[in-house]
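In: Just a sequence and a predicted model for now, questions to come.
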Amino acid sequence: MIEQALRGKRFKSIMDFGSGPGLMTREWSKYAKKVYLIDKEHKELPKVDMTICASVMEFVPLNETFEKLAEVTKEIIVASPMKTEFSVTYFTLINDNHKRHSHQEITAEMTRYFSVNYNKEWAGLYFCARGMKR
């Protein structure tokens, strides 16, 4: 879904925000000259053309995080599980009790800082949105 949102465009730099061990580095490097791996605890963020937030925004303070990202990025892609009856049941069954923001909360906060120009859902389980800085 994120690759579709990238639309084959190339960037000077991409920040993988919430990258963890950097499993997607090779994939993102197809779309940028420089890829920054940033975990959510980083205090200083690089200025970049595109930020990708894959399965991280459901866990972070939304307003503070989007505000910080809007200061350093021109475009953003956010992808996250959707909060549905199915996903709630699934996370309960696997004893995953993390508090998660819903896809509605994430998108609403995203639109305060970015103009959303792409928003897709996959099977009612996952969503992906792309936006340009306001």
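Out: All right, it came through fine.
In: Give me the neighbour count for residue 122.
Out: Neighbouring residues of residue 122 were enumerated by other Cβ atoms under 10 Å; the total is 12. Yep, even glycine has a C-beta here, placed from its N, CA and C like the rest.
In: List the residues that contact it.
Out: With contacts taken as Cβ atoms under 8 Å, 6 or more residues apart in numbering, residue 122 has the following neighbours: 1, 128.
In: before we move on, what about residue 82?
Out: With contacts defined as Cβ under 8 Å, 6+ apart, residue 82 is in contact with 102, 103, 121, 124, 125, 126, 127.
In: How much space separates it from residue 75?
Out: Using Cβ to Cβ, to the nearest Å, we find residue 82 at a distance of 22 Å from residue 75.
In: got it, and residue 27?
Out: With Cβ to Cβ as the criterion, residue 27 and residue 75 are 17 Å apart.
In: Show me which of the two is the more surrounded one.
Out: Of the pair residue 27 and residue 75, residue 75 is the one with more neighbours under other Cβ under 10 Å, namely 21 against 14.
In: Does that one touch residue 49 like I think?
Out: Yes. Residue 75 is in contact with residue 49 according to Cβ atoms under 8 Å; the separation is 6.6 Å.
In: Just the pLDDT for residue 101.
Out: On the pLDDT scale, residue 101 is placed at 89.
In: can you count the residues close to it?
Out: 18.
In: Please apply the same query to the one 3 residues further on.
Out: Applying the criterion other Cβ under 10 Å, we find 11 residues in the vicinity of residue 104.
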